[in-house]
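**Student:** coords please:
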Amino acid sequence: MKKRPAPCPPTLIHGDFTIDNVLVRDGNMVGIIDWSGGAFGDPRYDAALAIRPKQNAFQHESDVIVFFEGYGQKPITKKEYEYFANGLYEFF
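**Tutor:** Numbers count the residues shown, from 1 in each chain. Got it, this is the predicted structure:
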């Protein structure tokens, strides 16, 4: 297993925060479904899953800023992304 990144304050996480679980109407997010994996945990896990399958999922730097401002977290590092998206996700 890859070395765990430094801890950060735990928050409510979805546990499967992918585009399949986001409801959109008229270009606006109106809900998030499938909370069966919801827990109190590391928010970087949800952020990594949201931009999976690749860390550079955004076309413009402004998209990265908007995503992480909306998510309420600073951008995750490449090391954090690899740990949460590629490491932990393989267990599920």
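**Student:** now do stretch 50-70, average pLDDT.
**Tutor:** Per-residue pLDDT over stretch 50-70 has a mean of 72.
**Student:** quick one: end-to-end distance for that stretch.
**Tutor:** End-to-end span of stretch 50-70 (Cα to Cα, to the nearest Å): 12 Å.
**Student:** buried ones in that stretch?
**Tutor:** For stretch 50-70, the neighbour count (16 or more other Cβ atoms under 10 Å) marks 50-52, 55, 58, 67-68 as buried. C-beta coordinates here come from the backbone N, C-alpha and C atoms, glycine included.
**Student:** pick the one among those residues closest to residue 22.
**Tutor:** residue 50 (8.7 Å; Cβ to Cβ).
**Student:** quick check: that closest one touching residue 71?
**Tutor:** Yes: using Cβ atoms under 8 Å, residue 50 is in contact with residue 71, at 7.3 Å.
**Student:** can you tell me which two in the buried residues of stretch 50-70 are farthest apart?
**Tutor:** 52 and 68 (15.1 Å).
**Student:** can you pull out the helices in the chain?
**Tutor:** For the chain, the helices defined by DSSP state H cover 43-50, 61-71, 78-81.
**Student:** who's in contact with the longest one?
**Tutor:** This points to helix 61-71. With contact meaning Cβ atoms under 8 Å, 6 or more residues apart in numbering, helix 61-71 is reached by 43, 46-47, 50-51, 58, 74-75.
**Student:** could you identify the most distant pair in these?
**Tutor:** 43 and 58 (18.1 Å).
**Student:** what separation do you get for residue 40 and residue 9?
**Tutor:** Per Cβ to Cβ, to the nearest Å, residue 40 is found 10 Å from residue 9.
**Student:** and stretch 69-82, how far apart are its ends?
**Tutor:** Using Cα to Cα, the two ends of stretch 69-82 sit 21 Å apart.
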